[in-house]
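1. Sequence plus predicted model, see below.
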Amino acid sequence: MKRTALAGLFLSTALLGAAPAFAAEDLCASNLQKIDNELATVAPSNPALEKVLKPSIEKAKSDQAAGKTKDCIAESQKVLTQLDKTTKKGSGAGN
């Protein structure tokens with residue numbers, strides 16, 4: 001009985017320790033998907049924006065491919081922030 005409880009405790013600890021890594025990877029992928037979605041709607045009316053953001057997007061994707069999850073999240077957040085500012089400015093929201 002004690003062995004089963006200890007095994008369960010170790011297994012739970014291992015799974016909980018791995019959870020933040022999976023969450024971070026998901027956030028990186030989620031941010032990149034949001035960027036793709038936003039650009040699909042914004043880029044046709046503002047092609048210059050995509051050109052300006054492309055280096056940052058490429059850096060985030062290369063960070064993701066290299067396993068640099070924190071760097072991917074940071075770079076993709078910058079892009080999302082810029083997209084948010086641009087779309088709010090252009091839509092008249094917040095005026």
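-> That came through, no problem.

2. contacts and neighbour counts: CA atoms only from here.
-> Noted.

3. Please identify which helix or strand holds residue 85.
-> Using DSSP states H and E, residue 85 falls within helix 69-91.

4. Report the buried residues of that helix.
-> Within helix 69-91, the residues scored as buried using 16 or more other Cα atoms under 10 Å are 69, 70, 71, 72, 73, 75, 76, 77, 78, 79, 80, 83.

5. Include pLDDT when you put those into a markdown table, please.
-> Compiled in a markdown table, those are given as follows (pLDDT from 0 to 100):
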| residue | pLDDT |
| --- | --- |
| 69 | 93 |
| 70 | 94 |
| 71 | 96 |
| 72 | 96 |
| 73 | 95 |
| 75 | 96 |
| 76 | 96 |
| 77 | 97 |
| 78 | 96 |
| 79 | 95 |
| 80 | 95 |
| 83 | 91 |
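
6. Looking at these, which one is closest to residue 44?
-> Set against residue 44, the nearest of the buried residues of helix 69-91 by Cα to Cα is residue 83 (13.7 Å).

7. Poorly predicted segments of the protein, please.
-> Scanning the chain with the threshold set as pLDDT under 70 gives 1-25, 89-95.

8. Tabulate the buried residues of helix 69-91 (CSV), appending distance to residue 34.
-> Shown next, in CSV, are the buried residues of helix 69-91 (distance: Cα to Cα, whole Å):
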residue, distance to residue 34
69, 16
70, 17
71, 17
72, 13
73, 12
75, 13
76, 9
77, 10
78, 12
79, 10
80, 8
83, 10
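
9. before we move on, the earlier item: does anything pack onto the helix holding residue 85? Which helices or strands?
-> helix 2-42, helix 47-65 (3 or more Cα pairs under 8 Å, 6 or more residues apart in numbering; DSSP states H and E).
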